[in-house]
Each structure stands twice: as C-alpha cells, then as structure tokens.
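Participant: Build me a model:
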Amino acid sequence: MKSLNEFRELYDTELTFLIEPFEQKRKRFLRSFFLRIGITVLLAGSCLLFLSNLPVIKYLIATVIGIAGFRIFRKKRDDFRSGFTKEFKSQIIARLVALVDKNLKYHPESGFPEEVYTQSGIIRGRVDWYKSEDYFEGSVGGGPICFAEVHAKTRENDHQTGQETYYDLFRGLLFAADFNKNFSSRLIILPDIFNGNIFGAGEKLARQLAPPKAEII
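Facilitator: Presented below is the predicted three-dimensional model:
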C-alpha cells in the first residue's frame with residue numbers, strides 16, 4: 001500500500017496533466033450541450049410567436065421540435081457519458097490501481113456473474129435487473145481476493161395500473177475472498193443502525209434480510 005505522499009506525487013507529476021484534458025473536454029461538451037438546448041427552445045418559441053394565426057399547427061410544430069430535441073440531447077448525453085467514463089477509467093483509475101498494488105488487476109468492463117451475487121446470500125429477493133462492473137482481483141496475506149461493483153434490482157407490478165417499478169436490492173461493492181479455512185456456517189455482519197431500535201424492530205428487519213441458518217452480529 002502506498003502512502004498519501006506518494007499519491008500526491010503521482011497527482012502532481014502525472015495525473016494532473018491527464019485530468020486537465022478530461023476537464024476541458026467536459027466543459028466543451030457542456031457548452032455545446034446547453035447551446036443546442038437554447039437553439040431548440042428558440043426555434044420552438046419562434047413557432048409559437050410567428051405562427052400565431054395557426055394555433056393548432058404552431059403547437060404541433062413546437063411539440064415535435066421539443067420531443068425531437070429532448071431525444072437527441074439525451075442520446076448525445078448518454079453517448080458522451082459512456083465514452084468519457086470508459087476513457088477516464090482506462091487512463092486514470094488504472095494508474096491509481098497500479099500505484100496501490102502492482103499485483104492488483106483492474107478490469108473496468110468485467111464484473112461478478114449474477115450467480116455469484118445470488119449464491120452469496122447477502123440479500124434475499126428476486127433479481128429482475130442486474131449489473132456488475134469494475135472488477136478487481138489480487139491477494140491479501142497470500143489469499144486471493146476479488147471485488148466488483150454490483151447493482152441488483154427487483155421489480156414490482158401494480159396490478160391496477162400495470163406500472164412496473166424497480167427497487168434496489170443491493171448497490172455497492174461485493175467482495176469475495178479465500179481464507180484457506182473451512183466454514184460450516186454463515187456469519188452476517190450488519191451496521192449498528194439495526195441495533196437498539198424501538199421494540200427490537202431493527203433486529204427483526206436484520207433477520208428478515210439475512211439468509212436462513214445465518215448468525216447475525
């Protein structure tokens with residue numbers, strides 16, 4: 001593990017020169033993005049102003065311009081965010097990881113398979129949407145360890161309206177490690193917020209979240 005001074009030295013000597021182009025790129029995109037929004041609003045407003053004698057047509061044209069502009073802007077935003085994030089991870093995060101530990105491997109596009117999350121038994125519930133990325137693998141004390149960002153959701157259907165709503169089951173880092181020991185039980189460690197609640201409600205909730213046959217502390 002590197003010291004804080006080594007991180008500062010890395011930032012001053014390398015990262016600051018790499019991060020600055022990213023910041024300039026982000027600012028250019030924002031200027032262009034808001035300029036296009038302004039032009040779209042101006043076009044829609046012009047239709048409402050100069051086609052005052054055609055009320056139905058002016059509102060129709062303004063609506064079409066607004067919807068088309070919204071879809072175009074959203075796609076450009078998503079495309080920029082995706083490319084920006086991918087480039088930032090490969091150039092900045094990868095260098096930081098190498099500084100922390102040369103043996104630590106970083107795979108930004110990889111993650112845990114859904115089966116690894118479900119078999120962990122951390123949170124029970126049906127998984128209807130799953131995503132995992134930013135996979136790390138290395139070793140601690142001679143034992144292999146890996147972790148990745150995991151986001152799992154469950155879906156609920158409103159039978160009256162037919163609307164589908166997704167709720168988070170788990171969102172955070174999932175760790176897997178080999179302690180080179182055999183275990184015959186499961187141990188679930190939960191935050192202190194579950195202890196000392198009124199009438200033991202926190203403890204009851206914790207036991208509902210934990211998998212069967214698990215000891216809770």
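Participant: I'd like the mean pLDDT over whichever strand or helix holds residue 25, please.
Facilitator: Per DSSP states H and E, residue 25 falls inside helix 16-50. Mean per-residue pLDDT for helix 16-50: 83.
Participant: who's in contact with the nearest residue to residue 45 once chain neighbours are set aside?
Facilitator: Among residues not flanking residue 45 along the chain, residue 62 sits closest, at 7.8 Å (CB to CB, 6 or more residues apart in numbering). To be clear about C-beta, it is placed using only N, CA and C from the backbone, and glycine gets the same treatment. By CB atoms under 8 Å, 6 or more residues apart in numbering, residue 62 lies in contact with 44, 45, 47, 48.
Participant: contacting residues for the last one?
Facilitator: Translated: residue 48. 58, 59, 62.
Participant: CSV for the residues you listed, including pLDDT, distance to residue 103 and secondary structure?
Facilitator: Shown next, in CSV, are the contacts of residue 48 (pLDDT from 0 to 100; distance: CB to CB, whole Å; DSSP: H, G, I helix; E, B strand; the rest coil):
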residue, pLDDT, distance to residue 103, secondary structure
58, 75, 66, helix
59, 78, 63, helix
62, 79, 59, helix
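Participant: from those, which single one is nearest residue 159?
Facilitator: Within the contacts of residue 48, distances to residue 159 taken as CB to CB reach their minimum at residue 59, with 36.0 Å.
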